[in-house]
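Chemist: Provided below for reference: sequence and predicted model.
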Amino acid sequence: MSSERARPVLPGTGTTDYARYMRTDALLALQRNPDEWVHPDELLFQITHQGHELLLKAAAHGLARAVTEIEARHPAVAQLLVDRATLTIRLLTDQLQLLRTISPAVFRQIRAVLGHGSGLESPGWRDLRQQTRTANTAFLALLDSSPVDLPQIYEDHAAAPLHRLAEALISLDEAIARWRSDHHTLAIRMLGDHAHGTQGTPVTALARLASQRFFPRLWEIRALITTDCPPGLSGHAAT
């Protein structure tokens, strides 16, 4: 590579264009310094959570774009964006494996410097949760304006784009539930069954959260399809 091609041309303070575009100087300075650590594993703990926040931000941004496409009646485009958000959540779940390498004794030391900080305060999770609820509202509005109802999109080939979008939303819900479930088992691994979080929330509350559904109509329709549907009950009437 010539020296001319290696010379940075982007604005910023980094010594390379990669550093300037990725803002690596700022990014790599966001972690606590070694002289602040209570244990060397604190670096892994902090980076894993910071990575979570970045991926949650990406997932929420993708879902916001998907909502725009749903509202524009572009279900196929929305499906691709929902699929991407689902993959992002699966990556988050895989990242939790890193935290399983931290022993409970070491985590006890790290936990002592967290103050009242809690994952429940995660801005990335807050935004993802809001965008997921918005996506549910947008999908139901799209369905209400469609010539087919919810049972029909699982039976009528003409409704294939809506069917694929519905299944993409179900997969997203599954991915979030698995992420929450793995977080629950991780908390038990670190703290035990009867422990409480830094803000006093019992670990058992995480199990209840894992059972929540963001797209309840899409789950309920399965029961309607596989059992006799009571008179007057349709996909539009289910709540």
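Modeler: Everything's here; your move.

Chemist: not counting whatever helix or strand residue 142 lives in itself, show me its contacts.
Modeler: Using DSSP states H and E, residue 142 sits within helix 123-144. Under the contact criterion Cβ atoms under 8 Å, 6 or more residues apart in numbering, helix 123-144 has outside partners 52-57, 59-60, 63-64, 66-67, 70-71, 73, 75, 82, 119, 149-150, 153, 162, 165-166, 169, 172-173, 176, 214-215, 217, 235-236. Any C-beta I mention is one placed from the backbone N, CA and C, and that applies to glycine too.

Chemist: for the strand or helix carrying residue 161, buried residues please.
Modeler: Following DSSP H and E, one finds residue 161 within helix 160-191. For helix 160-191, burial by neighbour count (16 or more other Cβ atoms under 10 Å) applies to 161-173, 175-177, 179-184, 186-188, 190-191.

Chemist: do you know how far the residue nearest the centre of the chain is from residue 56?
Modeler: For the chain, residue 89 is the residue whose C-alpha lies nearest the centre (Cα atoms, centre = their mean; 4.3 Å). Shown here: residue 89 relative to residue 56, a distance of 9 Å by Cβ to Cβ, to the nearest Å.

Chemist: for residue 112, same thing?
Modeler: Distance of residue 112 to residue 56, given as Cβ to Cβ: 26 Å.

Chemist: the two: which is more packed in?
Modeler: Counting neighbours by other Cβ atoms under 10 Å for residue 112 and for residue 56 shows that residue 56 has the greater number, 23 against 10.

Chemist: leaving out sequence neighbours, find the closest residue to residue 211.
Modeler: residue 177 (7.4 Å; Cβ to Cβ, 6 or more residues apart in numbering).

Chemist: ranges for the strands of the chain?
Modeler: With DSSP state E, there are no strands along the chain.

Chemist: returning to that earlier point: can you pull the buried residues of the helix holding residue 142?
Modeler: Neighbour counts over helix 123-144 (16+ other Cβ under 10 Å) mark 124-125, 127-129, 131-132, 134-136, 138-140, 142-143 as buried.

Chemist: kindly export that helix (C-alpha atoms) in PDB.
Modeler: Taking Å, rounded to 0.1, in the frame of the first residue of the first chain, the C-alpha atoms of helix 123-144 are listed here in PDB:
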ATOM      1  CA  PRO A 123     -31.600   2.200  27.400                       C
ATOM      2  CA  GLY A 124     -31.100  -0.300  24.600                       C
ATOM      3  CA  TRP A 125     -33.700  -2.700  26.000                       C
ATOM      4  CA  ARG A 126     -36.100   0.100  26.700                       C
ATOM      5  CA  ASP A 127     -35.900   1.200  23.100                       C
ATOM      6  CA  LEU A 128     -36.200  -2.300  21.700                       C
ATOM      7  CA  ARG A 129     -39.200  -3.000  23.900                       C
ATOM      8  CA  GLN A 130     -40.900   0.100  22.700                       C
ATOM      9  CA  GLN A 131     -40.200  -0.600  19.100                       C
ATOM     10  CA  THR A 132     -41.500  -4.200  19.400                       C
ATOM     11  CA  ARG A 133     -44.700  -2.900  20.900                       C
ATOM     12  CA  THR A 134     -45.000  -0.400  18.100                       C
ATOM     13  CA  ALA A 135     -44.400  -3.100  15.500                       C
ATOM     14  CA  ASN A 136     -47.200  -5.100  17.000                       C
ATOM     15  CA  THR A 137     -49.600  -2.100  16.700                       C
ATOM     16  CA  ALA A 138     -48.500  -1.400  13.100                       C
ATOM     17  CA  PHE A 139     -48.900  -5.100  12.100                       C
ATOM     18  CA  LEU A 140     -52.400  -5.300  13.500                       C
ATOM     19  CA  ALA A 141     -53.300  -2.000  11.800                       C
ATOM     20  CA  LEU A 142     -52.000  -3.500   8.500                       C
ATOM     21  CA  LEU A 143     -54.000  -6.600   9.100                       C
ATOM     22  CA  ASP A 144     -57.200  -4.700   9.800                       C
END
